[in-house]
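In: structure, please.
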Amino acid sequence: MKDLTYKTLKEAGYHGYLLEDGKEKVIQFGEGNFLRGFVDDFIDIMNEKSGFDAKVAVVQPIPEGRACMLNNQEGLYTLYLRGREGNEIKDERRIISCISRGIDPYTEFDSFLDLAANDDIEFIISNTTEAGIIYDETCSLQDEPPASFPAKLTRLLYERFMRSSGGKGYIILSCELIDDNGKYLKDAVLKHSKDWELGSEFREWIHEENIFCSTLVDRIVTGYPSESAEKLHRENGYKDDFLDTAEYFGLWVIEGPDDIGRRIPFDKAGLPVIVTDDHKPYKIRKVRILNGAHTSMVPVALLYGETIVRDSMQNEDIGRFVRDLITEEVIPTIPLCGDQLNNFARDVFDRFENPFIDHKLEDISLNSISKWTARVKPALKDFVFEYDILPVHIVFSFAALIAFYKKGNIRDSKEVIEFFEKAGKYDDNKELLEDFMGNEKFFGEDLREIKSFGELTQQYLDQIEQMGMKEALRLFLKEQNNGMD
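Out: Below you'll find the model as predicted:
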């Protein structure tokens, strides 16, 4: 079977959109599944719908990359977007043609530096994983290339500064999954510029001619479909080593100046991109609604007998519990307008029921205590502060987490595992909760100080252990119904 190339597509009579020739306007650090299933998809759509006509030069960030393989396919690959949108099931295939070439800086260092001479390039995009934005003091200006991503970027920026005589820089969009990713990337670049003694004029140029944007990315990219790849190759009539799959939903929040939206035609292409002066409320929205729903759902659903997210949401009891928890107790704590939050929550619930993704509850349960502290505790505290009552769904879920961990189903830190291994020494749940909720190493504070939290947690924990999750949850939901009458 022939490899995917422009010639192969023409021979096969492909009539979909392709951009075979265009100006390189984007440098992309990273050739992995996520960027190809998210950012490059957006760029390809802008090329088709808004005349962006941008090609992407992809830089391989580590020695064990696949730039050469990408070039064998002339930068082409097939992307499948699959999921729910309301009551509609989406299963779309698109050939992405925005990538011009892959560059391996470990074997093509001069080609890497020559990117700095191209005045058409305005944007640098990166996703080098959470471990990618690190400051490595061992990196040197003389390295070809420097090992870390921030050091490579510093070297490229310095080349641009020298070749343009202090001319225009770049808009840099960091997609790594860390808080304030753009800020930390800029800090690392400035450290390298100082260590390498590149001069104050270069540092001023970094500040004045370059924009480092912190961004929030939201799309589940499931990557190469190993089990169905051969079938898809046969259906398509070509072999594609870069097949990529992702959910249909996507959202990109970019913190930066308004003119970014004018320089990159997201709106004209109808893409789900928000340019804002503060991305943090959107970060809070994602963490509390999407991640918080996962964390709150998992112990309840596992003790109920479910194994994957989709089945849990389609379970009448669990689905209602999760929806009510988010709409009644989490959304009121987030500083964004209600319509935005309700629409986002609806999208999250659709994503949870994606028929193409079997998201295992057990996988989400990893490190549940630290996840609860980061994702759920802030909503609990804000709700109590705002309304002076406890959010009962959140408390019930917290009790379920303790019941789940008491059974020994623990994939957590050493300290958490050791605590629950000794849970049998307590005479009752009241004693256990006294020590557990008072452990500031687990929660960053003493949870016993939250009025009535311990007492209500014990009530729900006792019910779960005495009745089993199914009956305890149904009793809880019935009580909430009665309370609304």
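In: which positions in the helix or strand hosting Phe385 come out as buried?
Out: Under DSSP states H and E, the secondary-structure element containing Phe385 is helix 377-387. The neighbour-count check on helix 377-387 (16 or more other C-beta atoms under 10 Å) flags 377-384 as buried. (C-beta placed from N, C-alpha, C; glycine too.)
In: which one of the residues you listed is nearest to Asn210?
Out: The closest of these to Asn210 turns out to be Pro378 (C-beta to C-beta; 33.1 Å).
In: hang on, that closest one packs against Ile334?
Out: No: using C-beta atoms under 8 Å, Pro378 makes no contact with Ile334, being 9.8 Å away.
In: overlap of the contact sets of the two?
Out: 284, 288 (C-beta atoms under 8 Å, 6 or more residues apart in numbering).
In: mind putting the buried residues of helix 377-387 into a markdown table with pLDDT and distance to Ser100?
Out: Supplementary listing: the buried residues of helix 377-387 in a markdown table, determined by pLDDT from 0 to 100; distance: C-beta to C-beta, whole Å:
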| residue | pLDDT | distance to Ser100 |
| --- | --- | --- |
| Lys377 | 98 | 46 |
| Pro378 | 96 | 43 |
| Ala379 | 98 | 45 |
| Leu380 | 98 | 49 |
| Lys381 | 98 | 49 |
| Asp382 | 98 | 47 |
| Phe383 | 98 | 50 |
| Val384 | 98 | 54 |
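In: and the helix holding Phe385, C-alpha only, in CSV?
Out: C-alpha atoms of helix 377-387 as CSV (Å, rounded to 0.1, in the frame of the first residue of the first chain):
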residue,chain,number,x,y,z
LYS,A,377,-11.9,21.8,47.6
PRO,A,378,-11.8,25.3,46.2
ALA,A,379,-15.5,25.0,45.1
LEU,A,380,-16.4,23.6,48.5
LYS,A,381,-14.8,26.5,50.3
ASP,A,382,-16.2,29.2,48.0
PHE,A,383,-19.7,27.7,48.2
VAL,A,384,-19.5,27.7,52.0
PHE,A,385,-18.2,31.3,52.0
GLU,A,386,-20.9,32.5,49.7
TYR,A,387,-23.9,30.7,51.0
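In: show me what that helix is packed up against.
Out: helix 392-406 (3 or more C-beta pairs under 8 Å, 6 or more residues apart in numbering; DSSP states H and E).
In: taking helix 377-387 as reference, get the angle to the helix it packs on.
Out: On the basis of axes from the mean of the first three to the mean of the last three C-alpha atoms, to 10 degrees, helix 392-406 is oriented at 150 degrees to helix 377-387.
In: so what's the gap between helix 392-406 and the chain middle?
Out: 26 Å (C-alpha atoms, centre = their mean, to the nearest Å).
In: same question for stretch 23-39.
Out: What separates the centre of stretch 23-39 from the centre of its chain is 16 Å, taken as C-alpha atoms, centre = their mean.
In: buried set for the one helix or strand Tyr184 maps to?
Out: Here Tyr184 sits within helix 181-195, counting by DSSP H and E. By neighbour count on 16+ other C-beta under 10 Å, the buried set for helix 181-195 is 181-186, 188-193.
In: likewise for stretch 90-102?
Out: Of all the residues in stretch 90-102, those buried under the rule 16+ other C-beta under 10 Å are 94-102.
In: over to stretch 83-92?
Out: 83-84.
In: how far does it sit from its chain's centre?
Out: Centre-to-centre, stretch 83-92 and its host chain are 20 Å apart (C-alpha atoms, centre = their mean).
In: end to end, how far does it reach?
Out: Taking C-alpha to C-alpha, to the nearest Å, the first and last residues of stretch 83-92 lie 9 Å apart.
In: what sits up against it?
Out: Contact with stretch 83-92 is made by 80-82, 247-249, 350-351, 353-357, as judged by C-beta under 8 Å, 6+ apart.
In: and the helix holding Tyr184, what does it pack onto?
Out: helix 149-163, strand 171-174, helix 200-209, strand 211-218.
In: how does it look with 6 Å?
Out: Counting contacts by 3 or more C-beta pairs under 6 Å, 6 or more residues apart in numbering; DSSP states H and E, helix 181-195 is packed against helix 149-163, strand 171-174, strand 211-218.
In: could you check the angle it makes with helix 200-209?
Out: Following the same axes, to 10 degrees, one obtains 160 degrees for the angle between helix 181-195 and helix 200-209.
In: tell me the mean pLDDT over helix 181-195?
Out: What helix 181-195 shows for mean pLDDT is 97.
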